[in-house]
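> everything below, folded, please.
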Amino acid sequence: MPKPNDLEQKALQIIMNAGNEGLLQSELWRKLGASSREGSRIALKLESKGLIRRERELRDGRWTYRLYPKRLPASIDSIADCPCMMCPDSPRCGPSGNITPQDCGKLSEWLFRIAESTYNILGDS
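Numbering: from 1, shown residues only. Reported below is the predicted structural model:
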(Lines give C-alpha, C1' and ligand atoms only; values in the text may rest on other atoms or scores of the structure.)
Protein backbone atom coordinates (compact mmCIF):
# COMPACT_ATOMS: atom_id res chain seq x y z
CA MET A 1 0.00 0.00 0.00
CA PRO A 2 1.48 3.42 -0.94
CA LYS A 3 2.38 5.85 1.82
CA PRO A 4 0.15 8.95 2.22
CA ASN A 5 2.97 11.22 1.03
CA ASP A 6 3.32 9.12 -2.14
CA LEU A 7 -0.41 9.53 -2.82
CA GLU A 8 -0.13 13.29 -2.24
CA GLN A 9 2.72 13.51 -4.76
CA LYS A 10 0.79 11.43 -7.28
CA ALA A 11 -2.35 13.53 -6.70
CA LEU A 12 -0.43 16.77 -7.17
CA GLN A 13 1.03 15.47 -10.44
CA ILE A 14 -2.43 14.50 -11.69
CA ILE A 15 -3.81 17.93 -10.79
CA MET A 16 -0.87 19.70 -12.43
CA ASN A 17 -1.37 17.63 -15.59
CA ALA A 18 -5.00 18.83 -15.69
CA GLY A 19 -3.63 22.36 -16.18
CA ASN A 20 -5.79 25.46 -16.12
CA GLU A 21 -9.00 23.46 -16.70
CA GLY A 22 -8.64 21.81 -13.32
CA LEU A 23 -9.96 18.44 -12.29
CA LEU A 24 -13.06 17.37 -10.39
CA GLN A 25 -12.24 15.95 -6.99
CA SER A 26 -14.12 12.75 -7.90
CA GLU A 27 -11.93 12.32 -10.98
CA LEU A 28 -8.87 12.57 -8.75
CA TRP A 29 -10.16 9.78 -6.48
CA ARG A 30 -10.73 7.52 -9.46
CA LYS A 31 -7.31 8.20 -10.96
CA LEU A 32 -5.65 7.54 -7.61
CA GLY A 33 -7.66 4.39 -6.99
CA ALA A 34 -8.60 5.88 -3.62
CA SER A 35 -11.85 6.18 -1.72
CA SER A 36 -13.74 9.48 -1.73
CA ARG A 37 -12.69 9.99 1.89
CA GLU A 38 -8.99 9.51 1.08
CA GLY A 39 -9.32 11.74 -1.97
CA SER A 40 -10.94 14.51 0.08
CA ARG A 41 -8.24 14.35 2.72
CA ILE A 42 -5.48 14.49 0.13
CA ALA A 43 -7.09 17.47 -1.61
CA LEU A 44 -7.47 19.28 1.71
CA LYS A 45 -3.82 18.62 2.60
CA LEU A 46 -2.61 19.88 -0.76
CA GLU A 47 -4.77 22.99 -0.37
CA SER A 48 -3.48 23.64 3.17
CA LYS A 49 0.08 23.42 1.84
CA GLY A 50 -0.77 26.05 -0.77
CA LEU A 51 -0.16 23.71 -3.70
CA ILE A 52 -3.69 23.69 -5.12
CA ARG A 53 -6.90 25.64 -4.87
CA ARG A 54 -10.36 24.13 -4.55
CA GLU A 55 -13.44 25.77 -6.04
CA ARG A 56 -16.92 24.57 -5.24
CA GLU A 57 -18.88 23.47 -8.31
CA LEU A 58 -22.38 22.12 -8.89
CA ARG A 59 -22.07 19.02 -11.05
CA ASP A 60 -24.99 16.73 -11.97
CA GLY A 61 -27.08 18.22 -9.17
CA ARG A 62 -24.41 17.65 -6.50
CA TRP A 63 -21.83 19.92 -5.00
CA THR A 64 -18.23 18.94 -5.53
CA TYR A 65 -14.90 20.67 -5.89
CA ARG A 66 -12.76 21.42 -8.90
CA LEU A 67 -9.05 21.29 -8.11
CA TYR A 68 -6.58 23.64 -9.77
CA PRO A 69 -2.80 23.70 -9.45
CA LYS A 70 -1.40 26.91 -7.99
CA ARG A 71 1.62 26.53 -10.26
CA LEU A 72 2.11 24.74 -13.52
CA PRO A 73 5.33 23.01 -14.56
CA ALA A 74 7.67 25.10 -16.66
CA SER A 75 7.91 24.37 -20.35
CA ILE A 76 10.02 25.70 -23.22
CA ASP A 77 6.85 27.36 -24.52
CA SER A 78 6.96 29.70 -21.55
CA ILE A 79 10.15 31.35 -22.82
CA ALA A 80 9.88 30.75 -26.56
CA ASP A 81 9.00 34.39 -27.29
CA CYS A 82 11.51 35.89 -24.84
CA PRO A 83 13.26 38.77 -26.63
CA CYS A 84 16.63 37.60 -25.31
CA MET A 85 16.53 34.52 -27.54
CA MET A 86 17.05 36.51 -30.73
CA CYS A 87 18.57 39.69 -29.33
CA PRO A 88 21.59 40.94 -31.29
CA ASP A 89 22.99 42.45 -28.06
CA SER A 90 22.94 39.21 -26.04
CA PRO A 91 26.73 38.64 -26.34
CA ARG A 92 27.31 42.05 -24.70
CA CYS A 93 24.47 41.76 -22.18
CA GLY A 94 25.35 41.04 -18.58
CA PRO A 95 25.34 42.39 -15.05
CA SER A 96 28.53 44.40 -15.50
CA GLY A 97 28.17 45.37 -19.16
CA ASN A 98 26.83 48.46 -20.90
CA ILE A 99 23.70 46.48 -21.70
CA THR A 100 22.02 44.78 -18.74
CA PRO A 101 18.83 42.78 -18.27
CA GLN A 102 17.77 45.32 -15.60
CA ASP A 103 17.79 48.16 -18.16
CA CYS A 104 16.36 46.31 -21.17
CA GLY A 105 13.05 47.77 -22.30
CA LYS A 106 12.19 44.78 -24.49
CA LEU A 107 12.76 42.33 -21.64
CA SER A 108 10.78 44.47 -19.17
CA GLU A 109 7.87 44.76 -21.60
CA TRP A 110 7.87 40.98 -22.15
CA LEU A 111 7.93 40.29 -18.40
CA PHE A 112 5.03 42.68 -17.80
CA ARG A 113 2.99 40.89 -20.50
CA ILE A 114 3.72 37.53 -18.86
CA ALA A 115 2.77 38.86 -15.42
CA GLU A 116 -0.45 40.38 -16.77
CA SER A 117 -1.52 37.21 -18.58
CA THR A 118 -0.72 35.08 -15.51
CA TYR A 119 -2.79 37.38 -13.32
CA ASN A 120 -5.68 37.20 -15.79
CA ILE A 121 -5.58 33.38 -15.76
CA LEU A 122 -5.24 32.93 -12.01
CA GLY A 123 -7.17 35.98 -10.86
CA ASP A 124 -6.35 37.18 -7.41
CA SER A 125 -6.33 33.77 -5.76
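> domains of the protein?
Domain assignment for the chain by automatic domain parsing gives 4-69, 76-122.
> let me know which of those domains is tucked in deepest.
Most buried of the domains of the chain, by mean neighbour count (mean count of other CB atoms under 10 Å): domain 4-69, with a mean of 16. In short, each C-beta sits where N, CA and C put it, glycine included.
> least reliable of the domains of the chain by average pLDDT, please.
The minimum mean pLDDT among those belongs to domain 76-122 (a mean of 83).
> who's in contact with G19?
Applying CB atoms under 8 Å, 6 or more residues apart in numbering to G19 gives the contacts P69, L72.
> what does I76 give?
Listed by CB under 8 Å, 6+ apart, I76 has no contact partners.
> and the helix or strand hosting R113, how far out from the chain's middle?
Here R113 is covered by helix 105-122, with elements defined by DSSP states H and E. Using CA atoms, centre = their mean, to the nearest Å, the mean C-alpha position of helix 105-122 is found 16 Å from that of the whole chain.
> show me where the chain has strands.
Residue ranges of the strands in the chain, as given by DSSP state E, are 23-24, 52-59, 62-69.
> out of the ones you listed, nearest to M16?
M16 sits nearest to strand 62-69 of all those, at 4.5 Å, using CB to CB.
> what pairs with that closest one, and is each one parallel or antiparallel?
With DSSP bridges as the criterion, the sheet partners recorded for strand 62-69 are strand 23-24 (antiparallel), strand 52-59 (antiparallel).
> leaving out chain neighbours, which residue sits closest to D89?
I99 (4.9 Å; CB to CB, 6 or more residues apart in numbering).
> that neighbour contacts C93, doesn't it?
Yes. I99 lies in contact with C93 (CB atoms under 8 Å); the separation is 4.6 Å.
> about what we covered before: reformat the strands of the chain as a markdown table; add distance to S108.
A markdown table is the format used below for those (distance: least, CB to CB, whole Å):
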| stretch | distance to S108 |
| --- | --- |
| strand 23-24 | 35 |
| strand 52-59 | 29 |
| strand 62-69 | 28 |
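> indicate which one of those strands is closest to L111.
Smallest distance to L111 across the strands of the chain (CB to CB): 21.8 Å, for strand 62-69.
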